[in-house]
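*Asks:* no FASTA, just this:
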């Protein structure tokens, strides 16, 4: 076969594998955070929001008090392009995810092939084997199946292209600058890309020694400039580089560090054999000396000892493979910097490139002395790839819709309060109040009885449970929940307004008016503001405060021009 044609055929095979494994995701819905990042994200609907995208943190579009640590304007710009192309039709968005994943498989193939030396006999097949495993790996299912993982797909592609350009023959200024430009762009899709120069240093060091020469230092200058430019822009616009919010304030930094080995061991398992790995599991910390900590620490020590004892048996590029796998995972091992679900398979996506390189190195080291051994190797590769492909295909259905996702999450633990809360929310949306109350009550009880309760989720569950009680007509239970919410979040306008309507129905008009007045001050959503103004005006009128009622109706008419309700009520009041 023509030497130039073979790599192209391998690349086409990787594209075909991507679509074969993930074609079913084309019929998936928007799930989980997509509701906020896509469906309710006004920034992606109009180019007039470009200034907001480039001058705010990633989730500023939500207009909440949440201050994200991420600055990813190009990811948001990519969403804007998808919205322009597909609107809110999910098939197009999922098609883009598959295309990006296929592009990453191809980029991984060409990068690994170049690292192995493209002209070396068997390099193309070894690189293809590694890239094929990367393409069908079950750990990548979350990234491909969920629209919200576009940042992982984008930054991985841009980093692979940057590395590929850098690893080319010769290190002329043009090649280095082109590589640095891809690196610079990658950082604006996800901040994890900032670590790429470390891999370039390891790659150079394996060939030229760990102490860089002056010429090598000059090669790194464009990357240093790109990194400092990104950090400078981010800190200038956001006012900080990183400011993670700790979910479990009762745990100290040392407690989270103790959990790092357990998380790392779980990532190793998810990479190679992901049986029993379920999405969106809440943080359940282990403590020093417990069985979970001891076992995971023992696994890491044994792996470290194995690599140390047999270090001379490994190709030097295996150090680079190890670095690519471990270094991007390090931020994900420190739970406070992530979320209430610190383990997530999406964090394995870029590290899987290191796994692909390691597989290619193992295959290259095998002496294929006969056609029978070559056939045996191909059969083994086909068997592993087929197993992973079927596994990934099945896992992609976990992200079919929110109910499928949270149902799968609940399989991981019957005490998963996140899954119960989310399923209860879906029940509430569908009008199944009895089922919603049952699930939400259980979620609240499990959370409160947990050794490390999640206070934010406690409030969210109470709010939803109060809504379900109120709609079901269980006013005493609804009142108790709303009052608990307002103890911890007195500025919540929705809870205040809803409790006010209950007080009003009980004849406690003065208490209701006090809540309406406070809710009015903090309300932002137009539909809520309108209801508060109407209730407040009626309350003032009923208590003889005519001037204040008229002022409220005038404010409503000004805020909602053309709304006849405010004019009608003001007219009726003046005609008394």
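*Replies:* Great, that's in hand. This is a predicted model, so every value here is computed, not measured. Numbers count the residues shown, from 1 in each chain.

*Asks:* quick one: low-confidence parts of this structure?
*Replies:* 1-3, 63-68, 118-119, 170-171, 240-251, 253, 310-314, 335-339, 366-374, 576 (pLDDT under 70).

*Asks:* what about the strands in it?
*Replies:* Counting by DSSP state E, no segments of the chain form strands.

*Asks:* ok, residue 157 to residue 394 distance?
*Replies:* 26 Å (CB to CB, to the nearest Å). All C-beta spots, glycine's among them, are computed from the backbone N, C-alpha and C.

*Asks:* Touching stretch 316-328 from outside, list them.
*Replies:* 115-116, 192, 195, 198-199, 202-203, 206, 307, 347, 350-355, 357-358, 361 (CB atoms under 8 Å, 6 or more residues apart in numbering).

*Asks:* Same question for it: list its buried residues.
*Replies:* Buried residues in stretch 316-328, defined by neighbour count with 16 or more other CB atoms under 10 Å: 317, 318, 319, 320, 321, 322, 323, 324, 325, 327, 328.

*Asks:* Pick the one among those residues closest to residue 32.
*Replies:* residue 328 (22.1 Å; CB to CB).

*Asks:* Relative to residue 163, how far out is that closest one?
*Replies:* In terms of CB to CB, residue 328 sits 13 Å off from residue 163.

*Asks:* cool, residue 503 as well?
*Replies:* Counting by CB to CB, the separation of residue 503 from residue 163 is 63 Å.

*Asks:* and what of residue 430?
*Replies:* Residue 430 sits 47 Å away from residue 163, taking CB to CB as the criterion.

*Asks:* And residue 122, by the same measure?
*Replies:* Distance, residue 122 to residue 163, using CB to CB: 22 Å.

*Asks:* So for those two, which sits in the more crowded spot?
*Replies:* residue 163 (23 against 15; other CB atoms under 10 Å).

*Asks:* of residue 157 and residue 394, who's got more company?
*Replies:* The neighbour count for residue 157 versus residue 394, taken as other CB under 10 Å, is higher for residue 157 (20 against 12).

*Asks:* list the contacts for that one?
*Replies:* Residues in contact with residue 157 (CB under 8 Å, 6+ apart) are 100, 103, 104, 107.

*Asks:* contacting residues for the second one?
*Replies:* It stands for residue 103. residue 157.

*Asks:* can you start the count at 4 instead of 1 from here on
*Replies:* With 4 as the first residue, the last one maps to residue 106.

*Asks:* Distance of it relative to residue 87?
*Replies:* Remark: distance between residue 106 and residue 87 (CB to CB) = 20 Å.

*Asks:* Ok, the last one next?
*Replies:* Here the criterion is CB to CB. By it, residue 110 lies 25 Å from residue 87.

*Asks:* which of those two has more neighbours?
*Replies:* residue 110 (23 against 12).

*Asks:* Touching, the more buried one and residue 164? I think so.
*Replies:* Yes - shown here, residue 110 and residue 164 form a contact pair, counting by CB atoms under 8 Å, at 6.0 Å.

*Asks:* so what's the closest residue to residue 94 other than its chain neighbours up against?
*Replies:* Closest residue to residue 94 apart from its sequence neighbours, by CB to CB, 6 or more residues apart in numbering: residue 29 at 5.2 Å. Contact analysis of residue 29 by CB under 8 Å, 6+ apart lists 94, 97, 98, 101.

*Asks:* can you redo those as CSV with distance to residue 292 and neighbour count?
*Replies:* Below are the contacts of residue 29 laid out as CSV (distance: CB to CB, whole Å; neighbours: other CB atoms under 10 Å):
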residue, distance to residue 292, neighbour count
94, 51, 13
97, 45, 26
98, 50, 18
101, 45, 20
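
*Asks:* what about residue 333, how many neighbours?
*Replies:* Neighbours of residue 333 under the rule other CB under 10 Å: 11.

*Asks:* Residue 326 versus that one, what's the distance?
*Replies:* According to CB to CB, residue 333 stands 11 Å off from residue 326.

*Asks:* what about the helices in the stretch 454-579 of the chain?
*Replies:* 458-475, 478-491, 496-508, 512-525, 529-545, 549-562, 567-577 (DSSP state H, counting those that start in this stretch).

*Asks:* list the buried ones in the fifth one?
*Replies:* So the one you mean is helix 529-545. 531-544.

*Asks:* Can you lay out the residues you listed as CSV showing distance to residue 191?
*Replies:* What follows is the buried residues of helix 529-545, written out as CSV (distance: CB to CB, whole Å):
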residue, distance to residue 191
531, 35
532, 36
533, 39
534, 41
535, 40
536, 42
537, 45
538, 46
539, 45
540, 48
541, 51
542, 50
543, 51
544, 54
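
*Asks:* So which of those residues is the closest to residue 130?
*Replies:* Of these, the one sitting nearest to residue 130 (CB to CB) turns out to be residue 531, at 56.9 Å.

*Asks:* ok, now which ones touch the closest one?
*Replies:* Contacts for residue 531 (CB under 8 Å, 6+ apart) come out as 496, 497, 500, 522.
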